[in-house]
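**Q** okay, here's the prediction I keep looking at, along with the sequence it came from:
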Amino acid sequence: MSVVTPPTTGLRPAGPDDLDAITDLHSEARTAYYRAGGWSEPELTTAETWCDRRAAWQRALTGGHRHILCALRDGDLTGVVSMGPPADTDLDATTAGQLYQIHVRPDCWGQGVGSRLHAAYVRFLHESSLHTGVLEAWERNTRAHAFYARHGWHQDGHRRPGPGGADYVRLRLRTPGGEG
């Protein structure tokens, strides 16, 4: 009888050479969750929106204020996490850190990649002496909301308009010793 071992997910800092792979992964994951939420506008997959995403990731990779990690299995990019200071001005950067994005390749959903990336974010909060995590999630992304709820996140009432007539909602995570 042979024992099947699940693939291991390694993490490493993202670099400029990862730009196109991260953009592709983000595009694939974003398209999957927006379509699952009932929004399938053609703009999800245009070359122009891919270029816009690539430019945003390039700014994130070179801007110096975000920490970006890649998740890899057998050398293949399976996920990415981006974190740093809070984007909203109503949040105190001395106590809160933002989870800008977690994206996992859809064919790897449910395999622990997102949880591994989330654990890296919680470690970032701890190492930065931050007690509150914040993120935004599209309200129709039920998969993301279930994932974050399992990890202790809750809505804080802040909303902003999003695509498809649905809002982005802000979620908070209180870490040990925090007030979140």
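**A** Noted; the coordinates are in hand.

**Q** let me see the backbone angles for residue 91.
**A** The main-chain torsion angles of residue 91 are listed as degrees, to the nearest 10 and equal phi -110, psi 140.

**Q** just give the nearest non-adjacent residue to it, would you?
**A** Using C-beta to C-beta, 6 or more residues apart in numbering and skipping the chain neighbours, the partner closest in space to residue 91 is residue 134 (6.1 Å). For every residue, glycine as well, the C-beta is placed using N, CA and C.

**Q** quick check: the one you found vs residue 92, distance?
**A** In this structure, residue 134 and residue 92 are separated by 11 Å, where distance is defined by C-beta to C-beta, to the nearest Å.

**Q** middle-most residue in the chain, spatially?
**A** When the chain is reduced to its mean C-alpha position, the nearest residue by C-alpha atoms, centre = their mean turns out to be residue 102, at 1.7 Å.

**Q** where do the helices of the protein begin and end?
**A** The residue ranges that make up the helices of the chain, judged by DSSP state H, are 19-36, 47-62, 113-127, 142-150.

**Q** closest one to residue 74 among the ones you listed?
**A** Among those, the nearest to residue 74 by C-beta to C-beta is helix 113-127 (12.6 Å).

**Q** ok, residues contacting stretch 18-29?
**A** Under the criterion C-beta atoms under 8 Å, 6 or more residues apart in numbering, residues 14, 45, 49-50, 53-54, 57-58, 61, 68, 70, 77-80, 101, 103-106 lie in contact with stretch 18-29.
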